[in-house]
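1. Here is a sequence together with a model predicted from it:
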Amino acid sequence: DTGVPFFDHLLRALAFHGRLGLSIKGQGDLEVDEHHLVEDTGLALGEVFARLLEQGPVERFGHAVAPMDEALAEVAVDVCGRPTLVFSGEFPQARVGSFEAALLREFLTALAARARIALHASLRYGANSHHLAEALFKALGLALRRAYAPAAGGGSAGMSTKGTIG
């Protein structure tokens, strides 16, 4: 519940496909615009993902391609400790209802920075910004679910080969 209906719609898709028990109550200076609220939501969610590493090693990599009608989006995640966002694609319509589609990049930037992940997101194709955004958040949820799954074997082995060759 952010007070931004389309953004809430996308967060629900992210939570559903990521199988996240997500509950967000966001408040912001919506009388100015939605930018800070969307960005702060990404920061807060990124903090949650960063803390998941305290529970033990995770699979580290996640990848998903998701359609929404004529649109297709792809997301790849590396839980590597090096915050990076690579975003490619265009939203054909600048707004979905009253929501500025460009804010989704701000959300992803904040999420990647605070979670300290490499996040690659690509809008492969599509004619409708609503469909592209929804495909993006579905793919994001799937990729995050896969990347943050507990590491196979559940051991205490690291998530990197750095320092393993003497």
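-> Thanks, I have the structure now. Numbering: from 1, shown residues only.
2. alpha carbons only for contacts and neighbour counts from here, please
-> Noted.
3. On the pLDDT front, check the residue nearest the centre of the chain for me.
-> Centroid check for the chain by C-alpha atoms, centre = their mean gives L140 as the closest residue, at 4.7 Å. L140 is assigned 98 on the pLDDT scale.
4. same question, the one 10 residues further on
-> The per-residue pLDDT reported for P150 equals 96.
5. just A133 next, same as before
-> So A133 comes in at 98 (pLDDT).
6. was I right about R114 contacting D40?
-> No - in this structure, R114 is not within contact of D40 by C-alpha atoms under 8 Å, at 10.2 Å.
7. now that we're looking at I24, which residues does it contact?
-> Contact analysis of I24 by C-alpha atoms under 8 Å, 6 or more residues apart in numbering lists 1-2.
8. if we can go back for a sec, and the residue nearest to the centre of the chain, how far is that from A112?
-> 11 Å (C-alpha to C-alpha, to the nearest Å).
9. now swap in G126 and tell me
-> Distance from G126 to A112, counting by C-alpha to C-alpha: 24 Å.
10. And these two? Which one has more around it.
-> For G126 versus A112, the count of surrounding residues by other C-alpha atoms under 10 Å is larger for A112: 30 against 22.
11. you'd agree that one is up against V86?
-> No - using C-alpha under 8 Å, A112 makes no contact with V86, being 9.8 Å away.
12. overlap in contacts of those two?
-> 118-119.
13. first vs last residue of stretch 75-91, how far apart are they?
-> The first and final residues of stretch 75-91 sit 16 Å from each other (C-alpha to C-alpha).
14. Can you give me the buried ones in it?
-> For stretch 75-91, a neighbour-count test (16 or more other C-alpha atoms under 10 Å) marks 75-79, 83-85, 90-91 as buried.
15. Quick one: residues in contact with the host helix or strand of A66.
-> Taking DSSP states H and E as the definition, A66 sits inside strand 61-68. Strand 61-68 has contacts (C-alpha under 8 Å, 6+ apart) with 72-79, 131-132, 134-136, 138-140, 142-148.
16. Thank you, goodbye.
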